[in-house]
Structure formats: C-alpha cells, structure tokens
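A.B. asks: Would you be able to build a 3D model of this:
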Amino acid sequence: MKERFPGEFDDLAEKVIDAVANDEERQRFTAFLRDDEALRYRYAELMRVHALLISRGSRSGVCQTCQTGQAVRTGLSGASATGFRRRRFAAAALAAALVIGLTAWLALEARLRPSASGARESAQSSEAHKAIYACEYAQILCRHDDGGLELPARLPGTVRLPHGRVKLRLSSGIELTLLGPLELRMENPMTGHLSHGKLLAYMEPGSSGFMLRTPDLQMWDIGTVFGVTVDELGSDVFVFKGAVQVLEACGEPVDLCNVGEGVRARRDGSGAVKFTADWPEAEHLLADTLGRCVRRNVEVSLETAGRISDMWAERYMPKVAQRRLSAADYLKATERRVSLFKSGLTAKRKDKEMKSNGMTKAALAAAVIGATALKTSG
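C.D. replies: Next up is the predicted model:
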C-alpha cells in the first residue's frame, strides 16, 4: 500500500520547522509542496502542531526547542538527540491530533453552514494559493509589485510586470529577476523574448543553454549571471559571471562575452558593438558591484552595467564609428558600384551599336553607289 505522506517529507518538514535544513533540503521540501496539494495541507497541519507544542511546553516545562533547532535535554546529543526529537515529534503529533479532531468535530456544524465571512476567507486563501502555484513552469521566490504581475497559465505566453520587482525560478532551474515595466514572451522554460524592461538571469552551476532574444540581439548562456536592458534606444547585455554568446537579431555573430564584458545595440544605425570594462573607473565600478553580490542588488547591478556601457561609448565609440562601416552603408555602397558598372556597360554597348550601325550604313551606301556606277557604264 502506498504511503499517504512520504517519510522523507515529514523529516524535511521537521528540519524546516526547526530551522536546521540546508539549501538542498529546503529545495527538496519546496518541490514536495509545489507538486502535491495534500502535502501542503499536511505541512499546514504540522505547523499547527508545532505551534501547539510550543504553547503547551512553555506552560508545563516539557521539552522545548531552542532557536538553533537542537533538543534541550541534559545528556542528549548526536543521534540520541535526533531520535528523541523524532519520538517527541510523533508523540506530540498524536496528542495534538486529538485536539485537532475535537476542534474539527466542534466546527462540523459551522462548516455545514458556512458564513459569508468564511466564504470570503476561503476565496482569499484560494486566490493566494493561485498567486504562488498558478503555473507549472515557474515559482515565485520574491515579489514587490503590488499585485501587478501577470503570469500566463501555460507556455508559450507573455509575462507582464507594470512596475516593481519579481524573482521567478523556472522549471528549468533558471532564476529570473524582473524589473518593471517589463514584457517577456516565454516560448518555453529555456527560451524567451524580452520586448522591453530589465532582467537579471542566473543559472545554477552546471546548467546552461538558456536563450534570450530582444528586438536587437539574441544570446545564450554558458553557465552564468547576466543582465539585459531593453528600451526605446536599443538593447544592452552585460556579463557578471560566466560567459554569454551574443548575436545580432539578424543572426550575425557579435562575440563571446565573459565577466566584465557586454554588447550594446542601438537603433540609430551604429549597430551592435562589444564593450569591456577595461579602464580604471569601470574596473572599480565592476569590482564594487561584484563585491556587493549581484543577485541581492539587482537594480544597482543593472544600473552599473548601464553606466559602464555609456561610459565606454563616450570613450571609444567615435573611434569605432570612424573605422566601422555599417551593413546598411556597405549595402548602399555596393549597390552604387553595381549601378555605375551597369551604366558603364550600357554606355559601351550603345557606343558599339552606334559604331556598328554607322559601318552598316556606310557599307550600304557604298554598295548603292557601286551598283549605280555599273548601271551607268553599261
């Protein structure tokens, strides 16, 4: 018979409640909650039991839990403490189950005749649940948007953020921090198109392959942290960790960008160029940003990337413009050369035809004159 609640889940729940779970255990626990509605109710029940134990323990002097989550018992340590904590947890759960059962029995009549306020609370709880677990391709880690975030129920679909900041973890493991106003079209958990706005993308070590497009650029990561900004002027990408391969929107390669490098693409005809934080002021800005942790200071990090891009343009773009012929200019020049070449061919052909026609007329005139002379002599 299949176990209703996995033993692993209860162990993880205990560690999370006691604040001793590591990152991997918290991620595993979150996956349980995301994938199984019954386990979410189970967790709510365990939390209620935990609160009840703390309340009873504080009045009776029974074993309590300190802030680090270790059992406070003289002579208990290591495996003994762990075993005791589990026995205590199971026993307390059994005792609390009686309390919960009694509460449920007393509340039965009220549930059969739900009040208006109860219905409102249920609806609010349902909406809150949808806000967190509405889509199977993403999990909301953090949000400061006053409820303005729009997430499509499934992919492909468009994510819209009128204002604020939201952090998502996609089912592919990619973490995106979005800054509004933003519109991001997601084809699947590994491919997106940023129409406008700012985002910071983070791939866990060992993962890569996320592809992002903008109206001006396309890029894919090679295990990295990078920021992208799209506005009415164009697009910028900047690498804080790892590497990103960048191409123009038409598919023309730009370059592979490493830490402290990026690409700026402007719609004024200057095209897409790679830039690098390779002078003292830019190096200082980058070091300061990396030192503060990019993922915890997303707004500041993206603002710094923008400053480095603009400073680089002021420093180097005039030189780049002098030696760079844009694709459009090259095409125009080529068309002009072809046109002149065709015009030259046409002029030569006409001249040749005129000469040929002149020679033909002269030959005909000579023939006529000759024929007339012969007739006269005869």
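A.B. asks: On the pLDDT front, check the closest residue in space to residue 204 that isn't next to it in sequence for me.
C.D. replies: In space, and not counting its chain neighbours, residue 204 is closest to residue 173: 5.5 Å by CB to CB, 6 or more residues apart in numbering. Where you see a C-beta, it was placed from the backbone N, CA and C, and this is true even at glycine. Per-residue confidence at residue 173 stands at 90 (pLDDT).
A.B. asks: wait, doesn't residue 173 sit right on residue 202?
C.D. replies: No. Contact criterion CB atoms under 8 Å: residue 173 and residue 202 do not qualify, at 9.6 Å.
A.B. asks: rewinding a little: distance of the residue nearest to residue 204 from residue 15?
C.D. replies: Taking CB to CB, to the nearest Å as the measure, residue 173 falls 22 Å from residue 15.
A.B. asks: which residues sit in contact with residue 157?
C.D. replies: The contact partners of residue 157, by CB atoms under 8 Å, 6 or more residues apart in numbering, come to 151, 185-186.
A.B. asks: Kindly report the same for residue 245.
C.D. replies: 219-220, 222, 256-257.
A.B. asks: for residue 179, same thing?
C.D. replies: Contacts for residue 179 (CB under 8 Å, 6+ apart) come out as 161, 164-165, 197-199, 298-299, 302.
A.B. asks: Please name the bridge partners of it.
C.D. replies: Beta bridges link residue 179 to residue 165, residue 198, judged by DSSP bridges.
A.B. asks: Please apply the same query to the one 4 residues further on.
C.D. replies: Beta-bridge partners for residue 183, by DSSP bridges, are residue 160, residue 196.
A.B. asks: what helix or strand does the residue nearest to residue 204 sit in?
C.D. replies: Secondary structure from DSSP states H and E places residue 173 outside every helix and strand.
A.B. asks: can you tell me which of the contacts of residue 245 lies nearest to residue 229?
C.D. replies: residue 219 (12.6 Å; CB to CB).
A.B. asks: got the contact list for the residue nearest to that closest one when sequence neighbours are not counted?
C.D. replies: Of all residues not flanking residue 219 in the chain, residue 246 sits nearest, at 4.7 Å (CB to CB, 6+ apart). Residues in contact with residue 246 (CB under 8 Å, 6+ apart) are 217-219, 237, 253-257, 263, 272, 274.
A.B. asks: Would you mind listing where the stretch 251-378 of the chain has pLDDT under the threshold?
C.D. replies: 319-334, 336-338, 340-348, 350-368, 370-378 (pLDDT under 70).
A.B. asks: Which residue ranges of the stretch 151-300 of the chain form helices?
C.D. replies: Using DSSP state H, counting those that start in this stretch, the helices assigned to the stretch 151-300 of the chain run over residues 280-291, 298-323.
A.B. asks: winner for burial among the ones you listed?
C.D. replies: Neighbour counts (mean count of other CB atoms under 10 Å) averaged over each of these peak at helix 298-323, with a mean of 16.
A.B. asks: Alright, calling it a day.
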